[in-house]
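Asker: Below is the sequence, then the predicted model.
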Amino acid sequence: MATDLDISERKITSVNPATGEELRSFSCAKVAQVQDAVSRSRHAQLDWDGLGIRKRVNVLRTFQHLLHQNKTAIAQMITREAGKPYVEALLTEVMVVLDAARFLIDNGYSLLRDEVVPHGNLAMKTKRGYLVREPYGVVGIISPWNYPFSIPATESLAALVAGNSVVLKPSEFTTLVALELASLLHRAGVPQAVFQVIAGDGSTGKALTESALDKLIFTGSVPSGKRVAEAEAARLLPVVLELGGKDPMLVLDDADVDVASSGAVWGAFVNAGQACLSVERCYVHRRLYSAFLEACVRKTQQLKIGNGIDPDIDVGPLIHEKQLQLVESHVEDARRRGATVLLGGKRLTEIGPNFYAPTVLSDVTHEMRIMREETFGPVLPIMPFDSDDEAVQLANDCEFGLAASVWTQDRKRGEALARRIQAGTVMVNDVVSCFGISEAPHGGVKASGLGRTHGRFGLDEMVRIKYVDSDRIGNIKKVWWYGYGEKFSRQMEGFLDMQFARALTERVRGGLRSTRALFRKKP
Ligand code: NDP
């Protein structure tokens with residue numbers, strides 16, 4: 001367990017990754033502060049739940065309006081703290097959240113209200129059953145730096161509309177964006193204690209995972225996710241784990257090379273490759289391979305790299321030095337094992353502290369780290385294949401299973417292949433953008449995680465299901481409440497015949513035999 005001693009007086013600093021400018025420092029919340037926040041959250045949650053779904057939906061409506069009004073300032077802040085180009089901040093962060101709010105405003109009530117469960121068992125026909133969706137209580141959210149607004153916001157909106165309170169521990173690199181989210185929610189009418197942000201590093205996150213939460217939504221790397229899952233398993237705390245990916249892109253022999261290569265370049269370099277859904281490995285049918293390589297290199301050469309606050313910039317910096325070192329180590333490993341660096345493969349120190357050139361690699365194999373481990377940087381490794389079966393085998397030869405894409409001019413063929421790929425999402429003729437479909441569930445299989453966020457399945461993660469079974473005729477005893485015996489056994493055999501025998505005559509006979517049981521005297 002983390003102690004106050006471990007994390008007292010520790011500071012974290014938000015830095016503009018494009019310039020190295022320090023934006024603001026924060027003290028890491030201590031264990032006692034984390035526990036206080038959770039305890040305040042628990043008290044406040046009851047009133048928030050008591051408001052009812054429709055009033056909470058109205059708060060979301062106000063939030064959506066405020067976010068829309070402040071879209072430019074928020075997107076600029078995201079660019080300043082996380083480095084991504086302004087347009088990406090606007091579309092992949094602000095727009096995603098506006099649309100998530102739209103989905104919950106439109107569907108929150110119908111998806112969260114009580115739901116009658118029709119049933120067919122004749123023995124139970126006096127009962128009416130229905131589902132009640134109850135909030136968990138206090139939901140802890142731990143989020144990464146790469147989508148510092150859209151990830152915690154989409155998860156928080158779903159948790160809040162379902163009647164939970166939220167304690168959010170954002171990444172230590174993007175605290176300012178999380179505070180901006182809190183400010184918008186509070187201005188919209190979410191009480192301060194119902195949505196709280198606790199600043200801190202991994203130790204603060206650990207303290208949150210050990211606090212009196214009712215559910216945890218964790219988004220981050222596989223190693224951190226495994227640590228969190230182990231800790232929560234010991235106390236059976238339910239978790240959603242949105243973890244890393246090594247998403248494959250499969251370009252089939254009938255694909256349009258121009259379209260697919262543009263998709264590959266954008267999918268690999270969006271957010272400088274620091275997207276869980278980005279194209280991490282690309283497989284191209286051998287017939288198209290050289291034309292595809294040529295197109296990717298040509299299109300990558302045209303990208304403008306720099307500080308994303310400049311609207312002309314396509315690719316921004318990586319988040320910090322450690323991420324650069326990881327990317328460098330993967331490219332070096334590939335180079336050492338025989339990969340060809342067609343473009344890039346180096347830092348761009350002349351632009352700023354954290355820039356790495358968008359890199360295209362060929363002659364890669366599955367023995368290389370670049371094809372097996374999550375790189376999370378601007379690298380596009382491309383490998384040929386000879387048949388659809390081989391492409392599927394290569395795609396599935398991986399510990400991760402977050403998303404994948406298939407490129408073909410024959411949609412049916414693409415969708416058939418999609419069924420064979422082990423992933424939470426498979427896109428046909430597109431990459432990454434499914435994150436912007438609020439109705440679509442987001443999440444992975446294999447090492448990419450457990451559970452889902454977004455859409456109705458994401459909302460389901462925010463509620464406990466209670467089944468209420470209510471007998472319409474409460475003043476009669478059930479026939480099976482003891483008094484068994486030979487005669488009753490025969491009557492009940494008749495009851496089963498009445499419902500399940502194939503022959504009509506057998507059913508009728510069974511019915512006659514079993515109805516006598518209804519009139520027997522019970523003890
Ligand atoms: P990390 O796992 O390093 O961190 C994620 C969050 O967990 C951060 O807030 C971090 O705090 C916190 N944390 C770290 N250690 C612990 C711990 N022991 N207990 C509790 N919390 C902890 O991931 P990154 O921030 O580097 O994010 C990148 C990773 O996230 C990539 O692997 C990426 O694929 C994945 N990701 C997955 C997504 C998905 O939807 N599947 C979406 C986006 C990213 P701090 O940063 O302050 O150390």
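Answerer: Yes, it's here.
Asker: got the residues of the stretch 401-523 of the chain near the ligand?
Answerer: If contacts are counted using C-beta under 6 Å from any ligand atom, the residues of the stretch 401-523 of the chain sitting beside the ligand are Leu402, Gly444, Gly449. For every residue, glycine as well, the C-beta is placed using N, CA and C.
Asker: Any stretches of the chain with poor pLDDT?
Answerer: Applying pLDDT under 70 to the predicted model, the residue ranges of the chain that meet it are 1-8, 521-523.
Asker: The longest helix seen in it packs against which elements?
Answerer: Here the longest helix in the chain is taken by residue count, with DSSP state H as the criterion, and it is helix 31-50. If you count contacts as 3 or more C-beta pairs under 8 Å, 6 or more residues apart in numbering; DSSP states H and E, helix 31-50 packs onto helix 4-7, strand 138-142, strand 165-169, strand 195-197, helix 202-209.
Asker: Around Leu157, count how many other residues there are.
Answerer: Leu157 has 30 neighbouring residues, counting by other C-beta atoms under 10 Å.
Asker: next one: phi and psi at it?
Answerer: For Leu157, the backbone dihedrals (degrees, to the nearest 10) come out as phi -60, psi -40.
Asker: Quick check: it touching Val97?
Answerer: Yes: using C-beta atoms under 8 Å, Leu157 and Val97 qualify as a contacting pair, with a distance of 7.4 Å.
Asker: Nearest to the ligand: which residue in the stretch 251-400 of the chain?
Answerer: Taking C-beta to the nearest ligand atom as the measure, the point where the stretch 251-400 of the chain comes nearest the ligand is Cys276, at 3.3 Å.
Asker: could you dump the helices and strands packed on helix 31-50 to JSON lines with mean neighbour count and distance to the ligand?
Answerer: Listed next are the helices and strands packed on helix 31-50 as JSON lines, based on neighbours: other C-beta atoms under 10 Å; distance: least, C-beta to the nearest ligand atom, whole Å:
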{"stretch": "helix 4-7", "mean neighbour count": "15", "distance to the ligand": "11"}
{"stretch": "strand 138-142", "mean neighbour count": "27", "distance to the ligand": "5"}
{"stretch": "strand 165-169", "mean neighbour count": "28", "distance to the ligand": "6"}
{"stretch": "strand 195-197", "mean neighbour count": "24", "distance to the ligand": "11"}
{"stretch": "helix 202-209", "mean neighbour count": "24", "distance to the ligand": "2"}
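Asker: As JSON lines, those with distance to Lys226 would be great.
Answerer: Written out in JSON lines, the entries for the helices and strands packed on helix 31-50 read as follows (distance: least, C-beta to C-beta, whole Å):
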{"stretch": "helix 4-7", "distance to Lys226": "20"}
{"stretch": "strand 138-142", "distance to Lys226": "14"}
{"stretch": "strand 165-169", "distance to Lys226": "18"}
{"stretch": "strand 195-197", "distance to Lys226": "25"}
{"stretch": "helix 202-209", "distance to Lys226": "12"}
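Asker: Return the residues of the protein in contact with the ligand.
Answerer: Within the chain, the residues that sit near the ligand (C-beta under 6 Å from any ligand atom) are 142-147, 151, 169, 171-172, 201-202, 205-206, 209, 219-221, 224, 227-228, 242-245, 276, 374, 376, 402, 444, 449.
Asker: Tell me which entries of those lie within helices.
Answerer: Per DSSP H, the residues of the chain next to the ligand map to helices at Ile151, Gly202, Gly205, Lys206, Thr209, Ser224, Arg227, Val228.
Asker: Appreciated, that's everything.
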